[in-house]
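# Sequence first, then the predicted structure, then my questions.
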Amino acid sequence: MAGLNLSTRVAVGHARVVREVRAAGPLMAALRAPVTARAPWLTTVLNQLAAGRPARPFGLRPVAVVVEPHLEGRPEAVAFLVLRRSGVVTDVSLLGDGTAPVPGGRPSARLLARDETTAGLLAAGIVHLLAGLRGPWTLRLAGLPMGDPTSGHLADLQPTSLLANVRSLRLVDELDSVGDVHRSRDPRALECWLPALLAGAPDARTRHFLRAAARLHAAIDELEVAVVADGDRLRAGLLTLVDGPDRWPWWGVSETGGLREEMGAPLVGLTVPARGWPPVPSLSRRTAGR
């Protein structure tokens, strides 16, 4: 980063954040961001937010905090966030937090920063964004990897912050133990079995996101569908996100076993309670994930 003259700015609104997501593609690739923190997934999340936007014009706003060279260039750090207004309090979270279903067992979110310097600038940019909000706010960043540098800088800048670890659950693919499994990355195979897979979703919003995200990742050859079937009746099915050799079981249904959950990697979360709440004891700050 030596020699780069960097500045920080904030982009607000669906169209502008979509552009920032696309511009961050090279940074996502350089940092090996998980599938759930890359442009196709985040664009699907943004489209779902836009489709379900409340009537209030400022009830829900996606924002991007961007650290970049003063002269036009690709971002060196970026955080994709959502501002949700609930009464007088603005809840600030990572874009994608609360979207379901998300694959488990490993960090699904990322505060993108190329190095420690840009992580510090990104944290300062997030704090500046928070300072400009009207009324009380809360900050909750969940699903981050252990040792995330930006969350560490945020903890330093916010004296009431709390960093905590939680243990994730991952889905384990054991379909080969219950019958003949047909696996395919052909989008036509997904379309064949998608209605049966969606039938196991708990609500319409989950079905909508699952359908959109699955179709998009199948179109870019990043999704495998695995099924155990009796003719055209699905007995068990699994969608797996594929990133080169990496396979990440995502969503499954089964009436015959072959799918189970087990403990996965620890995840880091940072929370800053609303102003006026009882302060978090200082001894708990930065005791986890660093």
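Here it is on my side, so go on.

# and the host helix or strand of V225, which residues are buried?
V225 is part of strand 223-230, with elements assigned from DSSP states H and E. Neighbour counts over strand 223-230 (16 or more other Cβ atoms under 10 Å) mark L223, E224, V225, A226, V227, V228, A229 as buried. Where you see a C-beta, it was placed from the backbone N, CA and C, and this is true even at glycine.

# what do you get for stretch 64-80?
Applying 16+ other Cβ under 10 Å to stretch 64-80 flags A64, V65, V66, V67, E68, P75, E76, A77, V78, A79, F80 as buried.

# Check stretch 10-19 too.
Those would be V10, A11, V17, V18, for stretch 10-19 by 16+ other Cβ under 10 Å.

# Just the ones of those residues in strands?
Per DSSP state E, strands hold the following members of the buried residues of stretch 10-19: V10, A11.

# would you turn the buried residues of stretch 10-19 into CSV with distance to L112 and pLDDT?
Below are those laid out as CSV (distance: Cβ to Cβ, whole Å; pLDDT from 0 to 100):
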residue, distance to L112, pLDDT
V10, 15, 96
A11, 14, 96
V17, 14, 97
V18, 16, 96
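
# Low-confidence stretches in this protein?
1-4, 52-58, 71-72, 275-290 (pLDDT under 70).

# Who are the packing partners of the longest strand seen in it?
Secondary structure of the chain per DSSP E: the longest strand is strand 259-272. Where contact means 3 or more Cβ pairs under 8 Å, 6 or more residues apart in numbering; DSSP states H and E, strand 259-272 is packed against strand 137-144, helix 149-157, strand 162-173, strand 246-254.

# Which one of these lies nearest to T117?
Proximity to T117 (Cβ to Cβ) singles out helix 149-157 among the helices and strands packed on strand 259-272, at 9.6 Å.

# Now find how far off-centre the closest one is within its chain.
Offset of helix 149-157 from its chain centre (Cα atoms, centre = their mean, to the nearest Å): 19 Å.

# between that helix and strand 259-272, how big is the angle?
40 degrees (axes from the mean of the first three to the mean of the last three Cα atoms, to 10 degrees).

# Mind listing residues that contact helix 149-157?
77, 79, 111, 113, 116, 119-120, 122-124, 126-127, 139, 141, 144, 161, 163, 268, 270, 272, 285-286, 289-290 (Cβ atoms under 8 Å, 6 or more residues apart in numbering).

# Can you show me the helices along the protein?
With DSSP state H, the ranges of helices along the chain come out as 14-23, 25-30, 39-51, 116-131, 149-157, 187-198, 204-219.

# Distance check, L27 against R140.
For L27, the distance to R140 (Cβ to Cβ, to the nearest Å) stands at 23 Å.

# Between these two, tell me which one has more neighbours.
L27 (20 against 16; other Cβ atoms under 10 Å).

# so how far is E255 from the residue lying farthest from the centre of the chain?
Most distant from the centre of the chain: G231, at 36.3 Å, with distances by Cα atoms, centre = their mean. Using Cβ to Cβ, one obtains 15 Å as the distance from G231 to E255.
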